Every structure is written in C-alpha cells, then in structure tokens.
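Engineer: heads up, no residue letters with this:
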C-alpha cells in the first residue's frame, strides 16, 4: 500500500460529488448553533440562556419521526423532474435559505422569540436535508466506497463550517464600524450572505443523477384496493418496516448498537455548545477565534476525516472507530488545561488542532459504520434513526452546559465532558468482541 493508492478513491465522481453536497449540509449547522451563540453572547445573553437555546438542536434528534416521509413520499411536480431523493434535497435547501434570511431580520438584544422561530425552521429544514442526503449517499456508492464518500462529505461539511464560522466572524467584524459597541446590522448582513451560499447545494442537486435504488422501494399503492388499504400499507412500509427490519437483523444486539450510537459523540457535542462563549470569555478576539478555531481547526478536521476515511478501507471500521472515540475524549482535557492558563494563541492552536483532528477521524469512522448498518431499502429512515440517536442524549445534556459552567467553571466542565466519553469506548470494544462488524 502506497500513498497514491490510498487516495485514488477520492477521484471517483460519486465521491467528489459529496464534497459539494456536504458543503450544503454543513453550512446551516453553526449558523443555528456555534456562530449564533457568538452573536447571542455579543448581544448580552447569559451563558445559561445560550445553553438552553442549544436545545433547538434536539430537532436533529427527532428527525427519525418524519424520515419515513422523506424516505417514501414523493413530492408532487418536483419528483417527476428530479426524482425522490433530489426533490427532497432541493426543497430542504431552499427552506434552509429562507430560514437563514429570517434569522437575519431579527435582533436578539430586542427579544429572541422571532429568532427562535426562524432558527427552528432552519434546523428542521437542515435535518430534512440530512435525511435525504444520507439516503442519497448510501444509495450512490458501494459499501467499500462509503468510507471515502463519508470523508469527502466531511470535507465539504467542514469547509462549510469554516465559511459559516470563520467566514461569518470575519465578515461581521469587517462590517462592524463600531468599537466595542454591539451593533446587530453586521450580523444581519452576514446571515443574508450565508443564505445565498445555499445555492452551492441547490446547483449540485440539480446537476446530480438520481440514484437507481430509488426505483426499488416498495410501492404500496400499486396493489391496494381502497384508500384505507393504501394508507395502512404505506404506513407499514414507510414507518413500521424500517424499524422491524433493523430489529430482525440484529435482534438483542440492536440494543447494544443503539446505546453505542447514542453515546459515541457525546464528549464533542456537549463540549461544543460552550466553545464559542469560552473563547470570548478567555479574551480572544473575533479575528483570533476565526483564524485558529474556525479556519485552522476545521482544516485539521478535514485532514482527520481524510486520514480516517482512507484507513478504514485498509484496517476496518472498528479500529478507527475506537481510536476516534478515544482521541475525542482525551482532547477535551486540553480545553481544561487551556482554561487554567493565560490566553495564548499557541496553546489555543494546539488544543483546537488536536480536538478537530480527532473529531475528523471519529466522524469519518462513525458515518461509515452507520451506513453499513442500514438496509438500502429503508436507507433514509434507518440512517435518520441512527443519526438522531447521536444527538438526542448529548443535546439534552448540553442544554444545561451554561448552568454547569456558571456554577463550576470551565475547567470542571471540560473535564466532565472528557469523562462522559468513556462508556462509548467500552461499547465499541464490546460490539467488536461480539463480531457485529461485517453483518449485512
């Protein structure tokens, strides 16, 4: 195995396409959470309020509830021209842009009720895009390509995060003509520009082919004899069967799998809610945060995803899955160390680099593993269930992160987020022992 052979897979069209679709998927996430938390902190909101605001992220944890619709229901007019997967992608991308424009019209210093509404709309549309995109990715490549597709997806996703974090911070800073005085207009213009960038995903969706597995889904209406039978048949195939299929294939092991999925990214997700407020409270400027955390850090995430995606092909998903989980927990200790010292760009760079590289490795392995668990007949629903579980417990806990920091401080917070990652390591090890890897 040489370096050239290791990265040849990234020249495939189906792999490269995920770069642009990943950009579309990654753009709204921080605009609803990370970057928005920066705006909220500048507008004078308390840490506890910012923590509770993160509960909007629970929308992603419940996307399994409407994933059967995305998986099975065609959209009138659009379905005939684009197909099922692409029509859902395009509709969700347009809705994300509308939600971001709505956020741009609000000022959190004057009240957050309108902001919450538009943020919920953006998160709902973003989660819907994730459902359709995960199904599209799974149905567009072979099993052995999923690691590389996950890596390029992560690359596009992280490039979008650079844009929606560092890019947004630089733009807001450049537009801000005041000196240490809060002004909402720079943020409003910034969010309008971010909404315009959703065109990248829209154009890619329109130009991409519809995956062929879309045509093999069950058609309950074909043999139904009445309206009531059509409804019952559709509900069975779209809602019930994806969950029944998973339980049938893995039986009691399904419980262990779901437990591991719900805990795997808990360290990163819980810690991430307070990262931007932490940088601000440490005294770093917008430019420093944008350069180190949002640009250099995301580049390290992309590197980690590429390395992880490539190594999966040669060493298997479980070894990389375990390494990614271990690194994700350990690097949180660097944030605890950073909080106990004077602000230093060098220390910030080291901490962010290690944390983001480990996150990239873990994400590539996790996405590839979740993809291997799905039945292609129910890919959207089953993957939505798995990825929803990834957010449910962490986001529920993360809502209290601001209260924890206000009570105990940042050092104990980061130490705690490192410790809560230990159960995921134990579950990955146990699942490997019972040889679930490689099952159909």
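Structural biologist: Right, received. Where do you want to start? Values in this document were obtained by computation on a predicted structure and should not be read as measured data.
Engineer: what helix or strand is the residue nearest to residue 128 when sequence neighbours are not counted located in?
Structural biologist: Taking Cβ to Cβ, 6 or more residues apart in numbering as the measure, residue 128 lies nearest to residue 92, with 4.2 Å between them; neighbours along the chain are not counted. (Glycine included, C-beta is placed from N, CA and C.) Assigned by DSSP states H and E, residue 92 falls within helix 84-104.
Engineer: cool, residue 48 as well?
Structural biologist: Using DSSP H and E, residue 48 sits within helix 47-53.
Engineer: gap between the following helix or strand past that helix and the chain center?
Structural biologist: Of the helices and strands lying after helix 47-53 in sequence (DSSP H and E), the nearest is helix 58-61. Its chain's average C-alpha position is 11 Å from that of helix 58-61, according to Cα atoms, centre = their mean, to the nearest Å.
Engineer: what lies in contact with helix 58-61?
Structural biologist: 120, 123-124, 126-127, 130, 387-389, 391-392, 395-396 (Cβ atoms under 8 Å, 6 or more residues apart in numbering).
Engineer: closest one of those residues to residue 256?
Structural biologist: Of all those, residue 389 has the smallest distance to residue 256: 12.6 Å, by Cβ to Cβ.
Engineer: thought that closest one was touching residue 258?
Structural biologist: Yes - with contact defined as Cβ atoms under 8 Å, residue 389 reaches residue 258; the gap is 6.0 Å.
Engineer: circling back to that earlier point, return the set of buried residues in the helix holding residue 92.
Structural biologist: Residues 84-93, 95-97, 99-104 are the ones in helix 84-104 that count as buried (16 or more other Cβ atoms under 10 Å).
Engineer: for it, the averaged confidence score.
Structural biologist: Taken as a whole, helix 84-104 has an average pLDDT of 95.
Engineer: figure out how far it is from the centre of its chain.
Structural biologist: 16 Å.
Engineer: packing partners of that helix?
Structural biologist: Contact partners of helix 84-104 among helices and strands, from 3 or more Cβ pairs under 8 Å, 6 or more residues apart in numbering; DSSP states H and E: helix 13-32, helix 78-82, helix 113-139, helix 185-196, helix 199-207.
Engineer: residue 352 is nearest to which of the ones you listed?
Structural biologist: Distances from residue 352 to each of the helices and strands packed on helix 84-104 were compared using Cβ to Cβ; the minimum, 14.6 Å, belongs to helix 13-32.
Engineer: and the angle for that closest one with helix 84-104?
Structural biologist: Relative orientation of helix 13-32 with respect to helix 84-104: 30 degrees, computed using axes from the mean of the first three to the mean of the last three Cα atoms, to 10 degrees.
Engineer: tell me the first helix or strand C-terminal of helix 13-32.
Structural biologist: Tracing the chain C-terminally past helix 13-32 and defining elements by DSSP H and E, one meets helix 34-42 next.
Engineer: the residue nearest to residue 128 is in contact with residue 136, isn't it?
Structural biologist: No - taking contacts as Cβ under 8 Å, residue 92 lies outside contact range of residue 136: 11.6 Å.
Engineer: low-scoring stretches of the stretch 251-400 of the chain, by residue?
Structural biologist: Across the stretch 251-400 of the chain, residues meeting the criterion (pLDDT under 70) sit at 294, 376, 379-380.
Engineer: can you pull out the helices in it?
Structural biologist: Listed in chain order, the helices found in the stretch 251-400 of the chain under DSSP state H, counting those that start in this stretch are 253-263, 266-272, 275-282, 286-288, 297-315, 317-330, 332-339, 345-373, 379-398.
Engineer: which one of the ones you listed lies nearest to residue 40?
Structural biologist: It is, among these and with distance given as Cβ to Cβ, helix 275-282, at 8.7 Å.
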